[in-house]
Each structure stands twice: as structure tokens, then as C-alpha cells.
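**Student:** Here you go, sequence then predicted model.
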Amino acid sequence: MSIDKQDVQKIAHLARLALTEADADQYQQSLSSVLSLVEQMQSVNTDGVEPLSNPLEMTQRLREDIVTEENRRDAFLANAPQTEAGLFLVPKVID
Amino acid sequence: MFEQSISTLAQKLRNKDISSVELTRLFLARIAKLDPQLNSFITVSEQRALEQAAAADILLQSGKGTSLTGIPVAHKDLFCTEGTLTTCGSKMLHNFIPPYESTVTSRIQQAGAVMLGKTNMDEFAMGSSNENSFYGAVKNPWNLDMVPGGSSGGSAAAIAAGLAVAATGTDTGGSIRQPASFCGITGLKPTYGRVSRFGMIAYASSLDQGGPMAKSAEDCAHLMQAMAGFDEKDSTSADKPTDDYLANLNTPLTGLKIGLPKEYFGEGLDSKVADVIMAAVKEFEKLGATVKEISLPNLQLSIPSYYVIAPSEASSNLSRFDGVRFGHRCDDPKDLLDMYTRSRAEGFGTEVQKRIMVGTYALSEGYYDAYYLKAQKIRRLIKEDFVKAFEEVDVIMGPVAPTTAFGLGSKTSDPVAMYLEDIYTLSVNLAGIPAMSVPAGFADGMPVGLQVMGNYFAEAKLLNIAHQYQQHTDWHLQTPTMAKGA
């Protein structure tokens, strides 16, 4: 299984990763070799096998829909690259 | 002093032969002297350690506390520690000071242990050699030209070199057991859900599990006593009472049924490693165990299954690193998309970006069934192999890794070759069962770990088995030359 450079750029866009041309060359090779490695799955007959997503086959616990956390706005803002007036600041989205 | 067990140190602290502040200073001094050679710590939290040690001494004065009170330990830099830098081995989190404490570190702290610092690791726990850390590779204390294993390589190296009494690690595909094997220490990956994942920076949520790393099984049991148990903050935490991990350490092994999977002893296993493992199995026979060959026929498929499931879950988990709320943000973003893509490309290393892209591809439209769903079906086949095996035997033994620690830089050019080295550890995570690495000897001067795999929630049994072996062998008591005389 191999993928071309265009595929790599498409995947990188979906993953929100900026790749240079040189990066894309490198990842084309390394992604292709991982995809070849996982290709051997396709030769296994898994008809009638249920997928296993949780090893203990547990379902997610639910809780009452009530506020359990205290407001720690300042503590959480402290790690942000840019804040203003108690809000996270990002580049302008709407002109 | 640095080589002593938690039980011995706890007794000394209680007898006032030494104070926790003195013990903590001793370890801080060892870190200052020896760690420049190893690079096993990303952060040394000297002030926090001395404050906790002073508090422990007050508690001990009044005869209170647990066996961990005043004992200096280290935490893998993947557990969020409130107020102390937590990087996950990544440039992405080079400035991240968690506003909250993980359940594991919180419980160990409540038990009175002293946190010396945060240990080095492969970036976001992705790697088997600790060479993927943004903060530099860790060296193996047994030979500074060798890797310590990964991803919990810093924790393993720190314990082997006597820079911490014990440490935490996490294991998604072998990240506790393989470095434990390479560094000659004892490590336990518990059953999925036994130890809380709250505050652990997520790699692959259906596989990740925290666990103890220490010189001996008994020391691991002391840590498990504090770490394990239900946590309502972890949505997949097992709501099931914990065992007393110390109570049954001395149960004799008479009648123990050991299974040796023939797939663990085939092509690819270094013959000197095989000799060490078989000698260890003989030792168990002397202790009254019986041995039987078994089969785990789908073992080979654990590699493709894991390298789809883990990257897929990683691609989802790591989407939170967007340069908005925490972590690295690129300079002068021209718009939102530019900020996301450049922040992530600059903040993540090559291996992490690769796994994110593999996962993104496997989950993308048109490929989901062929990759992610297929991998989960194979995951069930792998689990069923273990379920069937445990109808016949009590535990399964084999090597942790096909070889001893390899040379720094020797496998970095061919990452897929490095993935193949995980063959004996991945299936345990896919099935969610507990497993240990127990020091069992040396091959060409480097440690070899015996892997002991148990049924769901059989941690107490595994610790008992490893402890009995350690009562009759002294492999776990060996100290590398670089750690002596310091």
C-alpha cells in the first residue's frame, strides 16, 4: 500500500498539520511503510466478529446533568497563549 | 541507602534512623550528580519535594502515615501535576503548568510520598526507545550507549540508577514493561481500568494504563496499594473493589499452572534472551509450578491492529492541541487555520505527526471500515486467544522484548523495524489484561525481563508470583556500575 504526495497533503490538511515539500516527501515514505505494515489485516477473515472497542466491554457511565466543577476561569486562562478580558484570544475569524 | 526497599526505608523513617528530608536530600543530590549522564528527569521539583518531605516528617513524628509516607518517588511527565511543569516529552507543552492534579499522583501524594520530579519519556508516549523526547534521549544506566526503552524510559533509568525509590509509568503498548526489561527493574501494567486515567495526558484511550515501576514486586505492590481503585472522574474506571496487593505476596506457588505460548519463542527472539527466560521458568518449576505449552495464534496480528487503533485514537486525542487554550502557538498567525496548522507542525515531533496522520487516514471517509473497524475485530480475536488460554493456565510467561536494549540511534532510521520489536507487549494492551516485567538475568551484560501475564484483575496474583521469584533470585538487586559509589 503506498500513497502519493497529494494524499499526504490531504491527510495533513485533515489533521491540521502544515507540511513543507520536504516534510511531505518524508511522510509519503514513512506513512506508506506503516500502511503496508497494517495491510496484512486484510487477509484475515473476520466475518461475524464483533469489533471490540473497550477491552472490558464496558459502556460509558452516565451521570446526572448537573454542574460539578467549580469556576476556575483564571487558572485555566493562565496557560493560554493569548487572552483578553477573561477570554481566549484567536486571530480574527469574521471580517 | 538508595538501594533499599520501600519496606526497609519506611521502617527507618518510623524508627527515626533517618528523616524524610534527609532521604529526599540524598536522592536530590544523586540526581544532581548522576542525571547529567542519563537525562532521566525533565523537571526536578526540589522545592516541592522538600516541602512534602518536611510535611511527611511531621506526620511520621506523630506515628501516622502509610508505608509510602516520606518515600521519594518520581512521576512520568505525562501525569498532570498541579503547579509543576508537565510536558509529555513534547515541545507542544514546553510551558504547560497544569491547573489540576492527576488522580494517580494525587493518591500517591495523599499516601505521603515525596515527588522528586517528572521523568523523561518519548513524546506523547509514542516510542520504544525514549529517543522521541523533545528534551533529548535518555541513556541506559547499564550502558550509556544504549537506549533505556520507552516510552517510560526516564522512570526506568531513574530507578535503575537509584535516583528515585520508585516511579510511575504508563503503558499503551509496552511502555512500562519494555523499559523495565531494558533497565533491569520491575514494572506492572495493570488491567485496563484498574488505575485511573484522570489527569494522564491521553495517547490511546482504550489502551492507556498507568502503573508502578520499582526495584521489586513488593515495592510495586506498595505503590499499587495507593494508585489503584475506582475513580468517578475516569469514565472507563473499573467500579470494582481493589485487592490487598501486599497481603498475598508470600503465598507459595505450589500448583501454579504456567503457560508458555509457542509464538513467544519463535523466530526473531534472541537466543541469549530465550536462555534467560527458560532458566527463569525452570526456577518457577523448582518453586512448585507446572509448565505447559500453549498457543496465542493471533499474536502476529497485534502489530497491525495496534498500529491502527493507537494512531486513530491519538489523532482524535491530540486534536485538542490547537494553540488556543494551552501549549505552543506559532508566531504571527495570519488566520485561524494558519494558527492551527503551524502551531501543530511546530509543536509536535516527527513520530507524533506521523501517528496523527496514520490515524487521520484510518478514520477518514471511505477507510474507516477497512482500517479502524477491521483492527477492532482483530482486537477481539486477540482477546479471545487470552480468554481461552486462561481456561487452561493461571499465568502466561515469555520474554518482554525480542532483544536486550539496543544502541542509541541504531533503529531511528527504520521506525517500522522498531514497531516490530513491540510484538510481545502489544497484545496485552489490546486484550486489556495485566502483565509485569520481572528482572530475570542478563545477556551480554544487559538486563532481560521476564514477562508474566495474568487474567483480568489478577494484579495481586502477578505481584505474588514475581515476589516469590524475587525471594529466590537476586536479579532485581543488581546495580549498574555508574550508580555505585555516588
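**Tutor:** Here it is on my side, so go on.
**Student:** which residues touch the residue of the stretch 301-450 of chain B found nearest chain A?
**Tutor:** Using CB to the nearest CB, the closest approach of the stretch 301-450 of chain B to chain A is made by residue B:432 at 2.5 Å. Any C-beta I mention is one placed from the backbone N, CA and C, and that applies to glycine too. Residue B:432 sits next to A:54, A:55, A:56, B:191, B:192, B:193, B:383, B:456 when contact means CB atoms under 8 Å, 6 or more residues apart in numbering or on different chains.
**Student:** Can you give me every residue that contacts the last one?
**Tutor:** Which is residue B:456. Taking CB under 8 Å, 6+ apart, we find residue B:456 in contact with A:56, B:191, B:432, B:433, B:434.
**Student:** re earlier: among the contacts of residue B:432, who's most crowded?
**Tutor:** residue B:192 (27 neighbours; other CB atoms under 10 Å in any protein chain shown).
**Student:** Quick check: phi and psi on the closest residue to it other than its chain neighbours?
**Tutor:** Distances taken as CB to CB, 6 or more residues apart in numbering or on different chains place residue B:432 nearest to residue B:192, at 3.6 Å, with adjacent residues excluded. Main-chain dihedrals, residue B:432, degrees, to the nearest 10: phi 80, psi 10.
**Student:** now swap in residue A:87 and tell me
**Tutor:** Dihedral pair for residue A:87: phi -130, psi 150, per degrees, to the nearest 10.
**Student:** What distance do you get for it to residue B:321?
**Tutor:** 20 Å (CB to CB, to the nearest Å).
**Student:** next one: residue B:470
**Tutor:** 41 Å.
**Student:** Counting neighbours, go ahead and name the busier of these two.
**Tutor:** Applying other CB under 10 Å to residue B:470 and residue B:321 shows that residue B:321 carries more neighbours, namely 26 against 20.
**Student:** what sits against the residue of chain A found nearest chain B?
**Tutor:** Here chain A gets closest to chain B at one residue, residue A:55, 2.5 Å apart by CB to the nearest CB. Residues counted as contacts of residue A:55 (CB under 8 Å, 6+ apart) are B:192, B:206, B:383, B:430, B:431, B:432, B:433.
**Student:** I'd guessed the first one sits against residue B:207; true?
**Tutor:** Yes: under the criterion of CB atoms under 8 Å, residue B:192 is in contact with residue B:207, at a separation of 7.4 Å.
**Student:** Quick check: neighbours shared by these two?
**Tutor:** Joint contacts of residue B:192 and residue B:207 (CB under 8 Å, 6+ apart) are residue B:429.
**Student:** And the helices in the stretch 251-400 of chain B?
**Tutor:** Assigned by DSSP state H, counting those that start in this stretch, the helices in the stretch 251-400 of chain B fall at B:271-286, B:302-317, B:336-347, B:350-363, B:374-392.
**Student:** So what touches the shortest one?
**Tutor:** Judged by CB under 8 Å, 6+ apart, the contacts made with helix B:336-347 from elsewhere in the structure are A:12-13, A:15-19, A:23, A:90-91, A:93, B:90-92, B:321-324, B:327-330, B:333, B:353.
**Student:** just how off-centre is the helix or strand hosting residue A:9 within its chain?
**Tutor:** Using DSSP states H and E, residue A:9 falls within helix A:5-14. Computed by CA atoms, centre = their mean, to the nearest Å, the chain-centroid distance of helix A:5-14 equals 14 Å.
**Student:** need the contact list for the residue located most distally from the centre of chain B.
**Tutor:** Using CA atoms, centre = their mean, the residue of chain B lying farthest from its centre is residue B:334. It sits 40.9 Å away. The contact partners of residue B:334, by CB under 8 Å, 6+ apart, come to residue A:91.
**Student:** now do 10 Å
**Tutor:** By CB atoms under 10 Å, 6 or more residues apart in numbering or on different chains, the contact set of residue B:334 is A:91, A:92, B:342.
**Student:** For it, grab phi and psi.
**Tutor:** phi -90, psi -30.
**Student:** what about it, distance to residue A:18?
**Tutor:** Plainly put, residue B:334 is 12 Å away from residue A:18 if you go by CB to CB.
**Student:** And for residue B:7?
**Tutor:** Distance from residue B:7 to residue A:18, counting by CB to CB: 53 Å.
**Student:** what does residue B:118 give?
**Tutor:** Distance of residue B:118 to residue A:18, given as CB to CB: 29 Å.
**Student:** In terms of neighbours, single out the busier of those two.
**Tutor:** residue B:118 (29 against 17).
**Student:** Next, work out how far apart the residue in the stretch 151-300 of chain B that chain A sits nearest to and residue B:472 are.
**Tutor:** Closest residue of the stretch 151-300 of chain B to chain A, CB to the nearest CB: residue B:192 (4.7 Å). Per CB to CB, residue B:192 is found 31 Å from residue B:472.
**Student:** and what of residue A:58?
**Tutor:** For residue A:58, the distance to residue B:472 (CB to CB) stands at 38 Å.
**Student:** who's more crowded, the two?
**Tutor:** Set side by side, residue A:58 and residue B:472 show more neighbours around residue A:58, with 15 against 11, by other CB under 10 Å.
**Student:** next helix or strand past whichever strand or helix holds residue A:33?
**Tutor:** Here residue A:33 sits within helix A:21-39, counting by DSSP H and E. Once the chain leaves helix A:21-39, the next helix or strand it forms, by DSSP H and E, is helix A:73-77.
**Student:** what's downstream of that next one, the next helix or strand?
**Tutor:** Proceeding N to C from helix A:73-77, the next assigned helix or strand is strand A:83-84, under DSSP H and E.
**Student:** can you list contacts of that following strand?
**Tutor:** Residues contacting strand A:83-84 (CB under 10 Å, 6+ apart): A:73, A:74, A:76, A:77, A:89, B:325.
**Student:** can you rerun that using 8 Å?
**Tutor:** Outside of strand A:83-84, the residues within contact range by CB under 8 Å, 6+ apart are A:77, A:89.
**Student:** can you list the contacts of residue B:432 in CSV and add pLDDT and distance to residue B:408?
**Tutor:** Formatted as CSV, the contacts of residue B:432 follow (pLDDT from 0 to 100; distance: CB to CB, whole Å):
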residue, pLDDT, distance to residue B:408
A:54, 93, 37
A:55, 94, 34
A:56, 93, 38
B:191, 98, 33
B:192, 98, 32
B:193, 97, 35
B:383, 98, 35
B:456, 98, 37
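**Student:** Contacts only, for the residue most central in space within chain A.
**Tutor:** The centroid of chain A falls nearest to residue A:15 when counting by CA atoms, centre = their mean (6.5 Å). By CB under 8 Å, 6+ apart, the contact list for residue A:15 reads B:315, B:344, B:353, B:356, B:357, B:360.
**Student:** repeat that with 6 Å
**Tutor:** If a contact means CB atoms under 6 Å, 6 or more residues apart in numbering or on different chains, then residue A:15 has B:356, B:357, B:360 as its contacts.
**Student:** now do residue B:28
**Tutor:** Listed by CB under 6 Å, 6+ apart, the contact set of residue B:28 reads residue B:46.
**Student:** Apply 8 Å and report the result again.
**Tutor:** Contact analysis of residue B:28 by CB under 8 Å, 6+ apart lists B:44, B:46, B:49, B:50, B:116.
**Student:** And the furthest pair within those?
**Tutor:** B:44 and B:50 (11.3 Å; CB to CB).
**Student:** Based on its surroundings, how many neighbours for residue 93?
**Tutor:** Looking at chain A here, since you left the chain open. Quick note: residue A:93 (other CB under 10 Å) scores 7 neighbours.
**Student:** Sorry, I should have been clearer: chain B.
**Tutor:** A count of nearby residues for residue B:93, using other CB under 10 Å, gives 25.
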